[in-house]
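okay, predicted coordinates and the sequence, questions at the end:
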Amino acid sequence: MPSEPSAPAARPAAAGPAPQHELWPAPFVGPRPVVAELTVPGSKSLTNRYLLLAALADGPCRLRSPLHSRDSRLMIGALRALGARVEEVPGDGGFGPDLVVEPASWDATEPVTVECGLAGTVMRFVPPVAALARRPVTFDGDPGARVRPMGPVIDALRGLGLRVEDEGGGRLPFTVHGTGGVRGGELEIDATGSSQFVSALLLAGARFDDGLVLRHRSADGSGRGVPSMPHVGMTVEVLRGLGVSVDDSQPDVWRVAPGPVRAFDVTVEQDLSNAGPFLAAAVVTGGRVAVPRWPARTTQGGDHWKHILPAFGAAVDLADGTFTVTGPDTVTGVDLDLGEAGELAPTVAAVCAVAGTPSRLRGIAHLRGHETDRLAALVAEINRLGGDAEETADGLVIRPAPLHGGTFHSYEDHRMATAGAVIGLVVPDVRVENIATTAKTLPEFPQLWAELTGTSRDA
Ligand SMILES: O=C(O)C1=C[C@@H](OP(=O)(O)O)[C@@H](O)[C@H](O)C1
Ligand SMILES: C=C(OP(=O)(O)O)C(=O)O
């Protein structure tokens, strides 16, 4: 497995475009419809949950067809730092080897540092697990990670009785001083900023002596809920599948019973969120894209494509396990609340930018704390190409405007880069800055996109 490359400089969108990297000429297909069939690598969210739980399990575990990307490598690095063994073994998935994990031994006492890169799943999910260790564990990451919200995790660890040295003032870097066990019990957090705060605590909760009763309450009294709730549902379902008892019958309250995490052998579903840009290619070009092995039932937020893409006028069909999207003659704008599936918003916004009527995207204020401030970044980059996009308090308004070529900055954000690629299909001479940033969750993106657009010979 390649070693983790040195962290690139990342800046929030508010600070202006990211520094110049290589410019990738986005394949332009113009009026030619894209027609393709493809699958994509494993789900980031499932891979990193299963990796983390394997380190807590009561025996060796195997992940079949896992994701291999920067975020999964960072998770593996974190778990190795905590004492787990993670090995690659040959598998029959098309996108790399399987992973075998020997659970961590928690006895070592020397201090370690966990490199989080820009991975929310690493910086949020690993600290409550580090609390079970007997050593100081320091967490740090890319410059762009140091501005992502972390406060609810740090406060929760303190609420659980841990000493946390908070060098970053409520963000990265910080150091968790584990003493070999966590009592657990009742906790209240404000998870309006990210569902990952809830998932982080639930994932470790069964290993706390008394388990965990976790409550969400918005600190400003607004009653705002947890965004991206399907990701909490995924956490609950994965835990239950491994024998952990989780009661989520009361809204905004989760009760995790103490107990073992059963060792497992799982096949990871493909990443339905990362299928998004390919499906969007069918929509914006009036083509047809089919994705075989689409799960009949899934907890992935990317399953929302079934409801989102028809809003643009596309036809969707799930038959015999293949999800097929057929684009419309004319793309219409949408009015959508994406609060349940915020990570799909950059791709959705890219389609809105080339739609024939105005769009409004709502429920996604928390995107300001993603890899970059995605609302600011999308507005800046769509408008740089001649578009008419505007931020609202909780989303975006995007009106039709004739787009022209130019540079689409990616702000170290994989989903900004793929949004630029979608626009570039139908707008000539779009150059996406730093397409390599797609390696966060989909290193194969440039190759798969070249195959999709029939440009692979030139790629
Ligand atoms: O738990 C997870 O795997 C994720 C939860 C979501 O985070 P937010 O709740 O911060 O949107 C999602 O956007 C992110 O890509 C992955
Ligand atoms: C928000 C995202 O990532 P992270 O897991 O780093 O929060 C994302 O992938 O869209």
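Received the coordinates, thanks. Ligands and ions are numbered 1, 2, ... in the order given.

so where's the stretch 1-150 of the chain uncertain?
Along the stretch 1-150 of the chain, the parts satisfying pLDDT under 70 run over 1-20.

in it, what residue comes closest to ligand 1?
In the stretch 1-150 of the chain, no residue comes nearer to ligand 1 than residue 45, which is 3.2 Å away by C-beta to the nearest ligand atom. All C-beta spots, glycine's among them, are computed from the backbone N, C-alpha and C.

continuing past the helix or strand hosting that residue, what's the next helix or strand?
In the assignment (DSSP states H and E), residue 45 maps to helix 44-56. Moving toward the C-terminus from helix 44-56, the first helix or strand encountered (DSSP H and E) is strand 61-64.

tell me the domain ranges of this protein?
For the chain, the structural domains run 13-40+271-453, 44-257, going by automatic domain parsing.

what ranges do the strands span in the stretch 1-150 of the chain?
Remark: strands assigned in the stretch 1-150 of the chain by DSSP state E, counting those that start in this stretch are 23-25, 35-37, 61-64, 85-89, 98-102, 112-115, 136-140.

swap in the stretch 201-350 of the chain?
If you assign secondary structure with DSSP E, counting those that start in this stretch, the strands in the stretch 201-350 of the chain sit at 212-216, 246-247, 253-256, 265-267, 288-291, 315-319, 322-326, 335-337.

does ligand 1 sit close to the last one?
It stands for strand 335-337. No - for strand 335-337 and ligand 1, the contact criterion (C-beta under 6 Å from any ligand atom) is not met; the two come no nearer than 13.8 Å.

contacts for that strand, please.
The list of residues contacting strand 335-337 from outside it, by C-beta atoms under 8 Å, 6 or more residues apart in numbering, reads 308, 311, 348, 359-363.

now do the fourth one
With contact meaning C-beta under 8 Å, 6+ apart, strand 265-267 is reached by 50, 61-65, 93.

biggest separation within those residues, which pair?
With C-beta to C-beta as the measure, no two of the contacts of strand 265-267 lie farther apart than 61 and 93, at 16.0 Å.

these two: who's more crowded?
Neighbours around residue 61 and residue 93, counted as other C-beta atoms under 10 Å, are more numerous at residue 61. The numbers are 26 against 19.

nearest residue to the more buried one other than its sequence neighbours?
With sequence-adjacent residues excluded and distances taken as C-beta to C-beta, 6 or more residues apart in numbering, residue 61 is closest to residue 54, at 3.8 Å.

kindly report the residues of this structure close to ligand 1.
Residues of the chain lying near ligand 1 (C-beta under 6 Å from any ligand atom): 45, 120-121, 194-196, 199, 227-228, 231, 342-343, 366.

show me which of those residues neighbour ligand 2.
The overlap between the residues of the chain next to ligand 1 and the neighbours of ligand 2 (C-beta under 6 Å from any ligand atom) comes to 120-121, 343.

what about the residue in the stretch 351-459 of the chain positioned nearest to ligand 2, neighbour count?
When distances are taken as C-beta to the nearest ligand atom, the stretch 351-459 of the chain approaches ligand 2 most closely through residue 370, which lies 4.2 Å from it. Using other C-beta under 10 Å, the number of residues around residue 370 comes to 24.

nearest to residue 296, of the contacts of strand 265-267?
residue 65 (16.9 Å).

got a list of what that closest one touches?
The neighbours of residue 65, taking C-beta under 8 Å, 6+ apart as the test, are 41-42, 91, 93-95, 98, 267-268, 270.

farthest-separated two in the residues you listed?
Pairwise distances across the contacts of residue 65 peak at 14.8 Å for 98 and 270 (criterion: C-beta to C-beta).

neighbour count winner among those two?
Higher neighbour count among residue 98 and residue 270: residue 270, with 26 against 19, using other C-beta under 10 Å.

who does the more buried one bridge with?
The residues listed as beta-bridge partners of residue 270 by DSSP bridges are residue 42.

how close does it get to residue 444?
Between residue 270 and residue 444 the distance, using C-beta to C-beta, to the nearest Å, works out to 12 Å.

and the residue of the stretch 1-150 of the chain closest to ligand 1, what does it touch?
Residue 45 makes contact with 121, 231, 234, 271, 300 under the criterion C-beta under 8 Å, 6+ apart.

picking that back up, nearest to residue 285, out of the residues of the chain next to ligand 1: which one, please.
So of the residues of the chain next to ligand 1, ranked by how close each gets to residue 285 (C-beta to C-beta), first place is residue 343, at 23.1 Å.

residues near that closest one, how many?
Other residues near residue 343 come to 25 when the count uses other C-beta under 10 Å.

excluding residues flanking it in the chain, which one is nearest it?
Going by C-beta to C-beta, 6+ apart, residue 343 has residue 273 as its nearest residue, at 5.3 Å.

give me every residue that touches the closest residue to ligand 2 within the stretch 251-400 of the chain.
Nearest residue of the stretch 251-400 of the chain to ligand 2, counting by C-beta to the nearest ligand atom: residue 343, 3.5 Å away. Contact partners of residue 343, counting by C-beta under 8 Å, 6+ apart, are 228, 273, 301, 370, 415.

and if we set it to 10 Å?
In this structure, residue 343 makes contact with 44-45, 120, 228, 231, 273-274, 276, 301-302, 304, 364, 367, 370-371, 374, 415, 441, judged by C-beta atoms under 10 Å, 6 or more residues apart in numbering.

now do the residue in the stretch 251-400 of the chain that ligand 1 sits nearest to against residue 388, distance only.
With C-beta to the nearest ligand atom as the measure, residue 343 is the residue of the stretch 251-400 of the chain nearest to ligand 1, at 3.6 Å. Note on residue 343: its distance to residue 388, by C-beta to C-beta, is 24 Å.

gap between the residue nearest to residue 214 when sequence neighbours are not counted and residue 201?
With C-beta to C-beta, 6+ apart as the measure, residue 254 is the residue that lies nearest to residue 214, at 4.7 Å, once sequence neighbours are left out. When C-beta to C-beta is applied, the distance between residue 254 and residue 201 equals 8 Å.

again, but for residue 455
45 Å.

these two - which one has more neighbours?
When residue 455 is set against residue 201 and neighbours are counted by other C-beta under 10 Å, the residue ahead is residue 201, at 29 against 16.

wait, that one touches residue 186, no?
No - in this structure, residue 201 sits apart from residue 186 without contact. The criterion is C-beta atoms under 10 Å, and the distance is 11.5 Å.

any residues in contact with both of these two?
In contact with both residue 201 and residue 186: 159, 212, 214, using C-beta under 10 Å, 6+ apart.

so where is the stretch 151-300 of the chain shaky, pLDDT-wise?
In the predicted model, the stretch 151-300 of the chain carries no residue with pLDDT under 70.

so which residue of it comes closest to ligand 2?
Evaluated by C-beta to the nearest ligand atom, the stretch 151-300 of the chain has residue 196 as its residue closest to ligand 2, separated by 6.2 Å.
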